[in-house]
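*Asks:* take a look and give me a structure for this.
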Amino acid sequence: MSPEAKPEIRLQIGHVLFIDMVGYSKLLMHEQTAQLEILKKIVRGTEQFRSAEAEGKLLRLPTGDGGALVFRTHSEAPVLCAMEISRELKNHPEVRVRMGIHSGPVNEITDLNEQANIAGAGINIAQRVMDCADAGHILLSKHVAEDLEQYAHWKPLLHELGPCEVKHGVRVDLFNLCSDEIGNQKLPTKLQAVRQHRAHVRWAEVGAGILVLALIIGGVFYFARRPAIAADNNSIAVLPFVNMSDDKEQGYFSDGISEELLNLLAKIPQLKVAARTSSFSFKGKGVEIPEIARQLHVANVLEGSVRKSGDQLRITAQLIRAAEGYHLWSETYDRKMDDIFKIQDEIAGEVVKELKVKLLGAAPKVRTTDPKAYALFLQARELGRQLNAEAFAKSDALYRQVLEVDPRYAPAWDGLARNFTNKTQIGVLSNQEGYARAREAAEKAMAIDPDYAPAHASLGYIADADNDPAGAARHYQRALALDPTNLEVLRNAALFLQALGRLDEAQALDEAVVRRDPVNVTALYNLGYHQRLAGRYEAAIASFRTVLSLSPDRGGAHAQLGMALMQMGDATAALAEIEQEKGEGWRMIGLPMAYCALGRKADADAALNALIAKYEKDAPCNIAYVYAFCGDADKAFEWLDKAVTYHDPGLGDIVTENLFDKIHSDPRWLPFLRKIGKAPDQLAKIEFKMPPLPQEK
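*Replies:* Okay, here's the model as predicted:
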């Protein structure tokens, strides 16, 4: 063939997800059709499939009972797609699917039937990875796993399996992607056989060695211990105690007791305590203690149960050394509700004693109140976490009941402050009313106890929203000095660093929080937000996709993901994401910018007018950066002035919000920053030093 006639082969890197239905050939014909339709519907409904297809960056290779999806978007796309499929398949246990993932070279070809096809090592290896799986497994090649391991939030899901031999003697190194919600945690059958064979060989070698040694030295004793979990001996996870009460609605009480114990132990600097979100993610999942410990990277687990009947309590607690599976300590407390705080102190004391922790100061004690008020407080706190108007109303009423019984219980006042702040964030209260009421409640908490760290953190957040950086710095500094292990305080401190323009420090703190609480969607959201502001768009996209894989309804995540895509120059993908945004406000903020980026001026103007009509007083700063992004500097400054008039807390982000970049060179920019106290020299005068974080072990 002459050089002119040679076909041009263009190899590209494809991120491949290979899918196969297990036992398909054994099904009756109508079962095959029905199950294949279910699988196709699930796959096509995934966010990754839809967004990649909309961008024209998805190739499909059907195989009859499955197929390969080749993503040309980003390396996490097939992994996130597989997670979505796995989660949906939980509702269809009759559809048994295995999946394999690899990134490698692929090329589009024309087969003997003149049909478009896909080939290349990327496809071949992905299929070989999948061939090692059983139903439910999501297996990754080592190459893909090593890429994911660069991000802390993926590490708890990755489980190294080692090599597996496939066709033609080829060996592929595998990782299992799984958790209590997705994938299959069991060792694949092919690897079980390999390990059993190796174990037989190993024990044969050991036996021969023992025989030789016995002949030489007259006998030896040989014993094998199960390998210890590679975690610090003073690390611990507190699992949610099981509600054993006849009233199943008492679950808030058993959860609350567990959380209070966790918080109490977290105050001991010598202990490394897994965060609440991560520990509680195993609730009701039936995961074995060693597996929980491995995923949370802890050596010890505290679990138990609570039975409450009237004023009678039975609390059982047990401390388990995860590697060996034996109990270090266990105890059952049959007491009255009046003893609830004493019980918690006793349990924490036993944990410290059994782990041989040498306290540098006095042991922390749980904050006490009337036992009935305490039960109401736990219920109010749990309701407040549901983040909807109805739950907030019930939570507020319960906090008021607590304060009728004990008006000096600072946590209840701070709980009210958090509710008012959160109601402002979701639009139930206006900015002015919400933050004013939150400040009043938090100040009452601090007046009762000037050393109550959460109240200082609440006041710091409110001061920052009210454009008082000096006040925010003072409160955050005090909160961190009082409780440097509180992850919520650390998350809010990162937001404050960002408001001061110290994005590098904010991201470093975000990453530290995510390492300690890898499944906390708020921490991951904040990390993605700060990555976007810093121009680290690919990292931000990965963070927001992880947020959505953990919490598909998380408000703002689709919009922020869309903004990152838009700022990278992919306006089509940005619009597709923003249109999926669940939060109306964020969706309406994102749409006009996406239309501007696409050159759809009429649509942009209509969307912007709709945004102004509904959110003029609640989102003037957002409206300003929409105008700035779309190139209308005059309107941007007009709305910035309105943001000052309406006391928009969004002004706190103005220094780092890169959607304002187009007006930074405008002669009005610096004077405006100076007017609101955000000029670089003004921010430099704000004294705020992060204390050294507790060392990760």
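*Asks:* the nearest residue to L495 once chain neighbours are set aside: which element?
*Replies:* Computed as C-beta to C-beta, 6 or more residues apart in numbering, the closest residue to L495 that is not its neighbour in sequence is N526, at 6.6 Å. Every residue, glycine included, has its C-beta placed from N, CA and C. Taking DSSP states H and E as the definition, N526 sits inside helix 521-533.
*Asks:* sketch out the low-pLDDT regions of the stretch 351-500 of the chain for me.
*Replies:* Applying pLDDT under 70 to the stretch 351-500 of the chain picks out residues 357-363.
*Asks:* which SS state does V172 fall under?
*Replies:* strand (DSSP: H, G, I helix; E, B strand; the rest coil).
*Asks:* that one contacts P163, correct?
*Replies:* Yes - V172 lies in contact with P163 (C-beta atoms under 8 Å); the separation is 6.8 Å.
*Asks:* more crowded one of those two?
*Replies:* Legend: neighbour count by other C-beta atoms under 10 Å for V172 and P163, higher for V172 (20 against 14).
*Asks:* and the more buried one, bridged to which residues?
*Replies:* V172 has these beta-bridge partners by DSSP bridges: C164.
*Asks:* check it and give its pLDDT.
*Replies:* Note for V172: predicted pLDDT of 81.
*Asks:* and S278, by the same measure?
*Replies:* Predicted confidence (pLDDT) at S278: the value is 80.
*Asks:* and the one helix or strand it maps to, what does it pack against?
*Replies:* Assigned by DSSP H and E, S278 belongs to helix 276-280. On a contact count with 3 or more C-beta pairs under 8 Å, 6 or more residues apart in numbering; DSSP states H and E, helix 276-280 meets strand 235-238, helix 251-266.
*Asks:* recalculate using a threshold of 10 Å.
*Replies:* Other helices and strands packing on helix 276-280, by 3 or more C-beta pairs under 10 Å, 6 or more residues apart in numbering; DSSP states H and E, are strand 235-238, helix 251-266, helix 289-296, helix 487-499, helix 521-533.
*Asks:* before we move on, the earlier item: doesn't N492 make contact with the residue nearest to L495?
*Replies:* Yes - using C-beta atoms under 10 Å, N526 is in contact with N492, at 9.2 Å.
*Asks:* got any residues that touch both of the two?
*Replies:* Taking C-beta atoms under 10 Å, 6 or more residues apart in numbering as the criterion, N526 and N492 do not both touch any residue.
*Asks:* which residues does the closest residue to S179 other than its chain neighbours contact?
*Replies:* Closest residue to S179 apart from its sequence neighbours, by C-beta to C-beta, 6+ apart: L157 at 5.5 Å. Contacts for L157 (C-beta under 10 Å, 6+ apart) come out as 79, 83, 138, 140, 145, 148, 175-179, 181-183, 295, 518-519, 546, 549.
*Asks:* what about the top strand by length along the chain, distance to the chain center?
*Replies:* The longest strand of the chain (DSSP state E) is strand 97-110. Distance of strand 97-110 from the chain centroid (C-alpha atoms, centre = their mean, to the nearest Å) equals 28 Å.
*Asks:* parallel or antiparallel, list what pairs with that strand.
*Replies:* Take DSSP bridges as the rule and strand 97-110 pairs in its sheet with strand 12-21 (antiparallel), strand 116-119 (antiparallel), strand 138-141 (parallel).
*Asks:* looking at stretch 68-77 now, give me its mean pLDDT.
*Replies:* Stretch 68-77 comes out with an average pLDDT of 87.
*Asks:* list the buried residues for the host helix or strand of I589?
*Replies:* Following DSSP H and E, one finds I589 within helix 584-597. Buried residues in helix 584-597, counted by 16 or more other C-beta atoms under 10 Å: 585-597.
*Asks:* centre of the chain to the helix or strand encompassing R400, how far?
*Replies:* Per DSSP H and E: R400 is located in helix 389-405. Chain-centre distance of helix 389-405: 28 Å, with C-alpha atoms, centre = their mean.
*Asks:* stretch 609-620 too?
*Replies:* Worked out by C-alpha atoms, centre = their mean, stretch 609-620 lies 30 Å from the chain centre.
*Asks:* residues contacting it, please?
*Replies:* With contact meaning C-beta under 10 Å, 6+ apart, stretch 609-620 is reached by 424, 427, 429-432, 584-592, 622-623, 625-626, 638-651.
*Asks:* please list only the buried members of those.
*Replies:* For the contacts of stretch 609-620, a burial check counting by 16+ other C-beta under 10 Å picks out 424, 427, 429, 431, 585-592, 622-623, 625-626, 639-640, 642-643, 646-651.
*Asks:* for stretch 161-179, output the C-alpha coordinates as PDB.
*Replies:* Below are the C-alpha coordinates for stretch 161-179, written out as PDB (Å, rounded to 0.1, in the frame of the first residue of the first chain):
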ATOM      1  CA  LEU A 161      -6.900  -6.500  45.400                       C
ATOM      2  CA  GLY A 162      -3.600  -7.300  43.700                       C
ATOM      3  CA  PRO A 163      -3.000  -9.100  40.300                       C
ATOM      4  CA  CYS A 164      -5.500 -11.200  38.500                       C
ATOM      5  CA  GLU A 165      -4.500 -13.400  35.500                       C
ATOM      6  CA  VAL A 166      -6.700 -13.100  32.400                       C
ATOM      7  CA  LYS A 167      -6.600 -14.200  28.800                       C
ATOM      8  CA  HIS A 168      -3.200 -15.200  27.300                       C
ATOM      9  CA  GLY A 169      -1.500 -15.200  30.700                       C
ATOM     10  CA  VAL A 170      -1.900 -11.400  31.000                       C
ATOM     11  CA  ARG A 171      -1.900 -10.100  34.600                       C
ATOM     12  CA  VAL A 172      -3.800  -7.000  35.500                       C
ATOM     13  CA  ASP A 173      -3.500  -5.300  38.900                       C
ATOM     14  CA  LEU A 174      -6.900  -4.500  40.300                       C
ATOM     15  CA  PHE A 175      -8.600  -2.300  42.800                       C
ATOM     16  CA  ASN A 176     -12.200  -2.800  44.100                       C
ATOM     17  CA  LEU A 177     -14.400   0.300  44.200                       C
ATOM     18  CA  CYS A 178     -16.900  -0.200  47.000                       C
ATOM     19  CA  SER A 179     -18.600   1.000  50.100                       C
END
